[in-house]
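> Sharing a model prediction with you, sequence too.
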Amino acid sequence: MNQKELSLIYVWDAYCGWCYGFSKSLQVFHENHPELPMTILSGGLFIGHKKLPIASYPHIPEINKRISQLTAAEFGTPYQMLLEEGTYTMDSEAAAKGFSALRFFAPERAYYLASSMQHAFYYKGKSLSDPATYQEIAAANNIDPEAVLVRFEDKVSTEDAHTDFAKVQQLGIQSYPTLLLQKGDEFIVLGGGIMTPEKIEGRLASIIS
C-alpha cells in the first residue's frame with residue numbers, strides 16, 4: 001500500500017471532554033506524520049433533543065475527573081464555574097458552524113483551530129455559541145476575525161456543519177474521539193479515547209504491515 005493512498009479522518013465534537021483529553025496524543029501523532037493528510041469532521045454530540053443546559057448532564061463532573069486522571073487534561077476555573085452554575089447550553093451545531101467558519105480560512109491548520117476551540121471552552125469557559133469566541137481564535141491564528149464572523153453568520157456554515165454530521169453518520173461513528181485511517185475504500189479505527197501517541201503508532205504499523 002502506497003503511503004500516498006493513506007489519509008486520516010478525525011471525528012470529534014467541540015463539547016466532547018474525551019476529545020479534549022485525546023487532543024495532546026493526537027497532536028503528537030499528527031505532527032509526526034505530515035505525510036498523512038487529516039480531515040476533521042464535527043460529530044454533532046449535542047443537537048436536537050440533546051441540546052440542553054449543562055446541568056442536565058450530572059455525570060459530567062465525574063467524567064471530567066476521569067479524563068484528568070487518565071490524560072492529564074486541565075479543566076480551567078472559568079469552565080468549572082460554568083459547570084457549577086449549570087444553565088449553559090452545549091449546542092454542537094453552533095460549535096460545528098464556528099469550526100466550519102475557521103476551517104474555511106485555514107484548512108491546513110484545522111487541527112489547531114479545533115484544539116483552540118476546546119481550550120476556549122474547557123479552560124477559559126468561553127461560549128462556543130458566541131461569535132466573539134471565534135473572532136478571538138481567528139485573531140490569535142492570524143485569520144481575519146471579521147471574515148470569520150461573516151462566514152459564521154452565513155447559512156453556508158450551517159450547511160457545512162450538517163454535511164459533517166451526515167458524513168459521520170455515513171461512516172457509522174457513534175463515539176468520539178475516533179481517529180480513522182482511510183486505506184483506499186477501507187476505513188479502519190486507528191485511535192481514540194485515552195490512547196497514547198505510541199499506541200496509535202503501534203496500531204498504524206500493524207495496519208500498514
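That came in fine, so what should we check first?
> On the pLDDT front, check K4 for me.
Looking at K4, its pLDDT reads 62.
> And the one 10 residues further on, by the same measure?
The per-residue pLDDT reported for A14 equals 98.
> From what I see, it and S42 are in contact.
Yes: the pair A14 / S42 is scored as a contact, 7.1 Å apart, by Cβ atoms under 8 Å. Every residue, glycine included, has its C-beta placed from N, CA and C.
> Determine the residues that are contacts of both of those two.
S92, A95, A96, F99 (Cβ atoms under 8 Å, 6 or more residues apart in numbering).
> Helix, strand, or coil at the third one?
Secondary structure state of A96, per DSSP: H, G, I helix; E, B strand; the rest coil, is helix.
> cool, L190 as well?
Under three-state DSSP, L190 comes out as strand.
> and L8, which of the three is it?
Under three-state DSSP, L8 falls in the strand class.
> give the contact list for the nearest residue to it once chain neighbours are set aside.
Nearest non-adjacent residue to L8, counting by Cβ to Cβ, 6 or more residues apart in numbering: M38, 4.1 Å away. Counting by Cβ under 8 Å, 6+ apart, M38 makes contact with S7, L8, I9, Y10, H30, A110, Y111.
> Now do the phi/psi pair for M38.
Backbone torsions of M38, given as degrees, to the nearest 10, read phi -120, psi 130.
> How much space separates it from L52?
For M38, the distance to L52 (Cβ to Cβ, to the nearest Å) stands at 31 Å.
> where's S129, which helix or strand?
S129 is part of no helix or strand, with elements assigned from DSSP states H and E.
> Ignoring the adjacent residues along the chain, who's closest to it?
Leaving aside its sequence neighbours, S129 sits nearest to A94 (Cβ to Cβ, 6+ apart; 4.1 Å).
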